[in-house]
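Task: produce atomic coordinates for the following.
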Amino acid sequence: MFTWISSLFRSSHSSDNVKDVESAFQTTVKPGVVQTTASVPFAGRKTNIVFGIFFHGRPRLWWQSVMSFFKGDSAKVMITMSNKASIKQDSKPAKNEVARKRPISSFANIPRSVPAPECDSSVPGYNITDFIAHSPYQLHVNPHYQPVAAISEKWLDDHGVHPSPKKRAAFEACNFGLLTAMCYAEAPYERFRVLCDFINCLFAFDDLTDEGGLRKDNKGTRKASDIIMNSLWHPFTYKTEFRCGQVFASFWGRALESGCSEGTHRRFLEASDLYMNAVHEQVICRATARIPTVEEFIKLRRDTGALKMCFAAGEYGAGLDLPDEVFDHPYIKIMENCSNDVVVISNDVYSYNIEQAQGDTFNILEVCMKHENLNLQQAMDFAGQLVNDRVDLYTATKAKLPSWGPEIDAELPKYFQVLEDWMTAGFYWSLESKRYFGDQVDQVRKTLRVDLLPRQTPRGQMEIPDLDRC
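Residues are numbered from 1 along each chain as shown. From the prediction side, this is the model:
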């Protein structure tokens with residue numbers, strides 16, 4: 001049995017304006033694997049598209065066709081799938097498990113490094129920075145993206161985390177499995193499954209504090225945070241009716257069972273505590289309409305974005321066991337902060353439209369407009385330059401790193417890939433998922449122009465029965 005996989009589009013960000021399609025195929029054969037790479041012009045940049053045939057011991061999912069179309073300066077890959085067998089969930093597959101299908105994105109029409117087209121000035125809106133054009137880091141996608149993403153979605157749904165079918169549909173339209181695949185491209189199957197569950201859990205909880213019943217509920221947020229932390233500290237013994245707590249305990253317990261170094265374990269729990277405390281402070285800011293200064297905001301945003309948790313989870317995904325002296329080095333701290341800032345600030349840029357429509361002021365754009373006396377487009381440009389500067393600082397700092405000896409030096413690139421993949425994934429996924437731009441995402445991806453949404457009626461607090469019972 002075999003599986004066809006289109007694993008990724010890897011953009012080298014070449015500035016060459018290639019008019020004719022040039023293909024250079026190189027095939028390498030390893031036991032059970034045949035891989036072919038085609039180098040083609042894609043969205044104005046030379047791109048490597050990697051296809052592979054991976055043989056498995058028993059049938060999982062058949063990719064019925066992989067078709068490539070090349071025309072002019074763009075490339076599009078179409079993949080159709082059908083589920084041919086039940087697929088492993090956790091360590092033991094459920095007999096009656098059926099995973100929902102999820103098509104792999106084509107990444108067609110990725111933003112080009114060109115000025116934004118002229119727009120109707122009568123429609124209020126703004127232009128966003130082309131972060132992809134500036135970044136030197138390539139996009140990678142985990143070859144286990146499907147079927148694992150669909151399995152993880154079903155797992156979360158089976159735990160009853162979504163408060164309604166409408167919320168479930170909106171959550172699944174975001175395609176967090178794709179984000180996970182972009183961020184943890186090298187994680188093996190079992191660990192990638194845990195990571196998919198982690199990211200789904202994280203966004204499910206984030207939605208409660210950003211859009212749900214905890215949005216301005218100080219007391220409820222503290223209660224929920226305490227339950228989550230107890231679930232992580234005692235995943236095998238702590239019991240709760242709060243469903244978010246149940247799923248956090250589930251994925252983290254499996255992470256520990258599959259092998260997690262002491263340092264990774266400690267860093268993940270420390271980062272989780274920082275995240276929960278920061279979320280609590282964010283809720284207070286929302287409830288009191290307080291807008292922090294730019295410096296205060298960036299410091300707090302590094303924790304509300306949960307990237308420190310995500311980096312520690314990347315250690316687990318790569319099976320790393322690096323000494324504390326590496327993570328304590330000031331250059332590593334700078335690189336982590338740069339990657340963190342790139343992800344959360346670009347996220348604020350991408351998510352601004354829906355947040356301003358909902359009256360949410362906890363965003364770098366609102367902070368800049370208030371404290372730096374900028375208009376919206378100036379604030380967008382300020383944030384865009386900040387992101388690009390952080391990418392450049394990351395690259396410059398990486399070039400100055402000392403050596404920790406051959407053994408550690410050989411492992412460090414795996415951690416750097418996590419930091420770099422998170423930066424890159426944020427750019428691509430935000431312009432592919434419907435989370436921030438809904439049905440307009442294709443137009444925004446092409447033009448990098450966003451039309452402002454009208455202000456919405458302020459939302460009331462949604463009840464969370466399973467938390468209220470705790």
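
buried ones in stretch 238-247?
Within stretch 238-247, the residues that count as buried by 16 or more other Cβ atoms under 10 Å are 238, 240, 242-247. Where you see a C-beta, it was placed from the backbone N, CA and C, and this is true even at glycine.

Throw those into CSV and include distance to residue 322, thanks.
What follows is the buried residues of stretch 238-247, written out as CSV (distance: Cβ to Cβ, whole Å):
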residue, distance to residue 322
238, 29
240, 33
242, 34
243, 34
244, 30
245, 30
246, 31
247, 28
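
And these, which is closest to residue 144?
Residue 144 lies nearest to residue 247 out of the buried residues of stretch 238-247, by Cβ to Cβ, at 20.2 Å.

Could I get the contacting residues of that closest one?
When contacts are counted by Cβ atoms under 8 Å, 6 or more residues apart in numbering, residue 247 touches 156, 159, 161, 197, 200-201, 204.

One more: residue 270?
residue 308.

The one 5 residues further on now?
By Cβ under 8 Å, 6+ apart, the contact list for residue 275 reads 303-304, 306, 308-309.

if I've got this straight, it is in a helix?
Yes: with DSSP: H, G, I helix; E, B strand; the rest coil as the criterion, residue 275 is part of a helix.

Next, count neighbours for the nearest residue to it once chain neighbours are set aside.
Using Cβ to Cβ, 6 or more residues apart in numbering and skipping the chain neighbours, the partner closest in space to residue 275 is residue 306 (4.7 Å). Residue 306: 26 surrounding residues under other Cβ atoms under 10 Å.

Would you check that residue 183 makes contact with residue 423?
No: applying Cβ atoms under 8 Å, one finds residue 183 not in contact with residue 423, separated by 9.5 Å.

Settle it for me: which of those two has more neighbours?
Of the pair residue 183 and residue 423, residue 183 is the one with more neighbours under other Cβ under 10 Å, namely 30 against 23.

mind listing what that one touches?
Neighbours of residue 183 in contact, by Cβ under 8 Å, 6+ apart: 195, 199, 310, 314, 418, 421-422, 425.

Next: residue 374.
368, 382.

Report pLDDT for it.
Residue 374 is assigned a pLDDT of 96 by the prediction.

Tell me the spacing between it and residue 132.
Between residue 374 and residue 132 the computed distance is 24 Å (Cβ to Cβ, to the nearest Å).

Equivalent analysis for residue 185, please.
Per Cβ to Cβ, residue 185 is found 17 Å from residue 132.

So for the two, which sits in the more crowded spot?
residue 185 (24 against 21).

ok, that one touching residue 418?
No: Residue 185 is not in contact with residue 418 according to Cβ under 8 Å; the separation is 9.1 Å.

Need the nearest residue in space to residue 189, chain neighbours excluded.
Residue 189 sits nearest to residue 144 (Cβ to Cβ, 6+ apart), 5.0 Å away.

Please look at the one you found and residue 192 and confirm they touch.
Yes: assessed by Cβ under 8 Å, residue 144 is found in contact with residue 192 at 4.9 Å.

Next, show the common contact partners of these two.
Common neighbours of residue 144 and residue 192 (criterion: Cβ under 8 Å, 6+ apart): residue 181.

that older thread, as TSV, the contacts of residue 275 with pLDDT would be great.
Formatted as TSV, the contacts of residue 275 follow (pLDDT from 0 to 100):
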residue	pLDDT
303	96
304	94
306	97
308	98
309	98
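
got those residues as JSON lines, with secondary structure and distance to residue 391 columns?
Below are these laid out as JSON lines (DSSP: H, G, I helix; E, B strand; the rest coil; distance: Cβ to Cβ, whole Å):
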{"residue": "303", "secondary structure": "helix", "distance to residue 391": "21"}
{"residue": "304", "secondary structure": "helix", "distance to residue 391": "21"}
{"residue": "306", "secondary structure": "coil", "distance to residue 391": "20"}
{"residue": "308", "secondary structure": "helix", "distance to residue 391": "19"}
{"residue": "309", "secondary structure": "helix", "distance to residue 391": "22"}
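
in this protein, which ranges drop under the pLDDT threshold?
Scanning the chain for pLDDT under 70 picks out the ranges 1-123, 210-218, 457-470.

residue ranges for the strands of it, please.
2-11, 26-30, 33-42, 45-55, 61-71, 74-83, 125-127, 449-451 (DSSP state E).

By neighbours, which of the contacts of residue 275 wins?
Within the contacts of residue 275, most neighbours by other Cβ under 10 Å means residue 306, with 26 neighbours.
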